[in-house]
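>>> Need a 3D model of the following:
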Amino acid sequence: MQRSAGNAAVTAVIQRMEGAAGKRKRSTSPEDQEAPKQARAATSSEEEYSSSSEEAETSSEEEREEPFSAQVMLQIANEQRRMTGLLEQMDERGAPDHIKRAAEDKLEILTLLRNLAPMRSVDTVHEAIRLLGMRPDSTAKTRYLAKLEEQLDYLAEEFPNAGPPTAETLRAMWPELVPAFGGAGGQVGEDGCEDRAHAICLAIARRSPAIAAHHLSKQWALPDGGLLHADHQWNHHVAASVTTANGVLVIDPVFSRSEPIELSRWAAMVQVDLDTNVHQVAWGFLGRPGADNLPDVNSAVEYVP
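Okay, the predicted model is just below:
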């Protein structure tokens, strides 16, 4: 009963504020932009996948709609902008703290989901479910947890898991991955490992949605303290990887621009202990994993090509 009354109060305040004219924008508000940078990136990425995977999908008169399609992601971006505007008005009018907290919580949920677009990785969706499950109960939480479960069903049906690919399959797609290595030739200091690894993951997802959905990950090398690698002096290092029938193979043009590298050999190249300093993480997260070596909300960073 108390929760229902609280939700009703939040809705009433939001409705009053939506009807008011004139807004003062926060310095971080994207409302005066043509479109939010994350929204453009998320929408363009999802549209790219929608078109690139048409050949891989069986055409039919009634094709199942993706729960987190490009259109849905655009709606999420628009709702995010709306919530940002409402929070500005709440600041101006001195809205009660519990009302602002409810709006902020919804905005954080929308931001998390938008920054994980496109939702083409089973592990990424599972991690999003875990992160949303830790949030306070709300209508937005319930709604998007249900949509994430629907996304899992969509991935299973549209891109069924046929088992791990062979190493030969990964090598065969190599020429299509090379453009994602970066114009700087994959050299440290000239383009970041996070963006490079993500670009490679996106290239694999375009080439083989099923592999991306079930067998693609990122390998994060994290130090116990200090820096990684005697020469490079990294705070951390990350690279895309595919779990194949021949084992985990890493795609890291810093160390090899001609072929994938076995995980144990890659760890030795990075100069870390494989068992204690290397962590496999869902590829949809651009940023470094949290203190427990699992993705957290800060790991869900926007990717802008």
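>>> Contacts only, for the residue nearest to Ala230 when sequence neighbours are not counted.
Distances taken as C-beta to C-beta, 6 or more residues apart in numbering put Gln271 closest to Ala230, at 6.5 Å, once the chain neighbours are dropped. All C-beta spots, glycine's among them, are computed from the backbone N, C-alpha and C. The contact partners of Gln271, by C-beta atoms under 8 Å, 6 or more residues apart in numbering, come to 228-230.
>>> Any chance of the backbone angles for Gln271?
The phi/psi pair for Gln271 (degrees, to the nearest 10) reads phi 70, psi 50.
>>> Would you check how far apart it and Glu259 are?
Going from Gln271 to Glu259 by C-beta to C-beta, to the nearest Å gives 21 Å.
>>> in stretch 216-226, what's buried?
216-222 (16 or more other C-beta atoms under 10 Å).
>>> And the furthest pair within those?
Leu216 and Leu222 (20.0 Å; C-beta to C-beta).
>>> Could you report the pLDDT at the nearest residue to Pro260 once chain neighbours are set aside?
Nearest residue to Pro260 in three dimensions, chain neighbours excluded: Leu249, at 3.8 Å (C-beta to C-beta, 6+ apart). We have a pLDDT of 98 for Leu249.
>>> Could you check which helix or strand contains Leu249?
Per DSSP states H and E, Leu249 falls inside strand 247-251.
>>> follow-up on the earlier one: closest to Ala245 out of the buried residues of stretch 216-226?
Among the buried residues of stretch 216-226, and counting by C-beta to C-beta, the member closest to Ala245 is Leu216, at 14.6 Å.
>>> for the protein, longest helix please?
For the chain, the helix with the greatest residue count under DSSP state H is helix 70-93.
>>> Could you pull out the buried residues of that one?
For helix 70-93, the neighbour count (16+ other C-beta under 10 Å) marks 70, 72-74, 76-77, 79-81, 83-90 as buried.
>>> if I look at Val242, how far off is Met83?
From Val242 to Met83 the distance is 37 Å (C-beta to C-beta).
>>> circling back to that earlier point, now the longest helix of the chain: how far from the chain's centre is it?
Relative to the centre of its chain, helix 70-93 is centred 20 Å away, using C-alpha atoms, centre = their mean, to the nearest Å.
>>> Thank you, goodbye.
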